[in-house]
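Undergrad: Take a look and give me a structure for this.
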Amino acid sequence: MQTYSDLRYQSSDGLALYARDYSRQAHTGSKPVMLCLHGLTRNSADFEELAEHMARDFRVLVPDQRGRGKSQWDPVADRYQPNTYVADTLGLLNQLNIHKVIIVGTSMGGLMAMIMAATARDRIAGIVLNDIGPEVDPRGLQRIQGYVGKTDPVANWTDAAETVRTLNAVAFPDYTDADWMRMAHQLYFENTQGVPELAYDPAISKPIAADTGSAVPPNLWPLFEGLAGIPTLALRGTLSDILSRACFAEMQKRMPGMQAMEIPGRGHAPALNEPEALAAIDRFVEKLVEVPV
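TA: All right, here's what the predicted structure looks like:
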């Protein structure tokens with residue numbers, strides 16, 4: 001049974017966008033909304049288990065960024081940029097009259113969180129950075145560039161699950177066949193012919209291919225250091241090839257008040273359904289001061 005509402009809205013440049021709204025509980029107005037922001041090729045389905053877990057106490061919004069999931073593809077590929085996604089997301093919050101959010105940002109979503117903290121700081125009650133920091137390990141970036149927009153079509157769900165396994169086995173070494181099939185259903189949708197298709201526009205890869213700085217700005221330390229004073233939790237998969245152990249340590253050194261935890265047996269990026277991740281996020285949000293929304 002679907003446990004969220006389908007929310008449709010429009011970007012400032014006219015695209016039809018989509019978000020999941022987990023707000024089945026009658027939450028009081030004293031808590032910020034939890035805003036979950038997905039990674040480069042992902043979509044709102046990524047946060048299903050976390051959103052269900054957090055919806056007991058929070059309203060949880062999970063947008064599909066343009067070109068992903070149920071959001072419209074952008075005819076201008078150059079607009080597939082973090083600054084564009086941030087503008088779309090702030091537009092959503094404005095339309096819903098939401099003033100305070102706790103952001104959970106995975107990978108690209110974490111970059112968006114840092115940009116939002118720099119451009120709309122007064123709206124941020126707290127930030128969870130999931131396997132992303134101010135430096136991106138070249139190994140992981142090269143791996144991602146090797147498959148984004150280049151994945152071969154599949155014929156059926158078994159093929160889709162095997163493709164997902166091939167691309168992600170390094171990050172989830174303990175996943176079972178059932179886990180890979182579940183992930184396939186998050187990353188693919190079934191077309192009118194009953195064939196799975198990837199749930200993103202292949203053109204999202206064009207800005208990355210043309211200029212790595214389009215996807216990952218060359219120096220993110222000033223943005224990261226701008227989080228000082230904002231309650232922040234940083235998570236890292238112990239097997240991550242995007243957030244290096246050295247960068248993770250430097251983040252903690254430069255921001256001593258930041259909470260940090262490594263998720264064992266996970267690469268890029270933890271699914272946030274791991275018991276360790278859920279417990280860390282629960283502890284983090286419990287400590288946040290309730291603020292008027």
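Undergrad: Which residue ranges of the stretch 51-200 of the chain form strands?
TA: Along the stretch 51-200 of the chain, the segments classed as strands by DSSP state E, counting those that start in this stretch run 60-64, 101-106, 124-130, 188-190, 196-198.
Undergrad: possible to save the ones you listed as JSON lines with distance to Lys253?
TA: Just so you know, the C-beta spots here come from the backbone N, C-alpha and C atoms, and that holds for glycine as well. As requested, those are arranged in JSON lines below (distance: least, Cβ to Cβ, whole Å):
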{"stretch": "strand 60-64", "distance to Lys253": "32"}
{"stretch": "strand 101-106", "distance to Lys253": "21"}
{"stretch": "strand 124-130", "distance to Lys253": "15"}
{"stretch": "strand 188-190", "distance to Lys253": "41"}
{"stretch": "strand 196-198", "distance to Lys253": "39"}
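Undergrad: Arg236: which of the ones you listed is closest?
TA: With Cβ to Cβ as the measure, strand 124-130 is the member of the strands of the stretch 51-200 of the chain nearest Arg236 (8.6 Å).
Undergrad: Also compute the angle for the closest one relative to strand 101-106, please.
TA: An angle of 10 degrees separates the directions of strand 124-130 and strand 101-106 when computed by axes from the mean of the first three to the mean of the last three Cα atoms, to 10 degrees.
Undergrad: Just send the strands of the stretch 51-200 of the chain back as TSV, with mean pLDDT too.
TA: Below are the strands of the stretch 51-200 of the chain laid out as TSV (pLDDT from 0 to 100):
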stretch	mean pLDDT
strand 60-64	98
strand 101-106	98
strand 124-130	98
strand 188-190	97
strand 196-198	97
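Undergrad: Out of the ones you listed, which gets nearest to Asp159?
TA: The minimum distance between Asp159 and the strands of the stretch 51-200 of the chain falls on strand 196-198, with 7.6 Å, by Cβ to Cβ.
Undergrad: still on that earlier bit, in JSON lines: the strands of the stretch 51-200 of the chain, plus mean neighbour count and distance to Ser244.
TA: Rendered in JSON lines, the data for those read as follows (neighbours: other Cβ atoms under 10 Å; distance: least, Cβ to Cβ, whole Å):
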{"stretch": "strand 60-64", "mean neighbour count": "26", "distance to Ser244": "28"}
{"stretch": "strand 101-106", "mean neighbour count": "27", "distance to Ser244": "17"}
{"stretch": "strand 124-130", "mean neighbour count": "25", "distance to Ser244": "14"}
{"stretch": "strand 188-190", "mean neighbour count": "17", "distance to Ser244": "30"}
{"stretch": "strand 196-198", "mean neighbour count": "18", "distance to Ser244": "28"}
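Undergrad: what's the closest of those strands to Ile115?
TA: Shortest separation from Ile115 across the strands of the stretch 51-200 of the chain is recorded for strand 101-106, at 9.9 Å, computed as Cβ to Cβ.
Undergrad: out of the strands of the stretch 51-200 of the chain, which comes closest to Thr238?
TA: strand 124-130 (13.6 Å).
Undergrad: Would you mind stating the distance between Ala178 and Ala161?
TA: Distance, Ala178 to Ala161, using Cβ to Cβ, to the nearest Å: 9 Å.
Undergrad: try Leu278
TA: As judged by Cβ to Cβ, Leu278 and Ala161 stand 25 Å apart.
Undergrad: These two: which is more packed in?
TA: Ala161 (23 against 15; other Cβ atoms under 10 Å).
Undergrad: Report the contact partners of the more buried one.
TA: Taking Cβ atoms under 8 Å, 6 or more residues apart in numbering as the criterion, Ala161 is in contact with 177, 180-181, 183-184.
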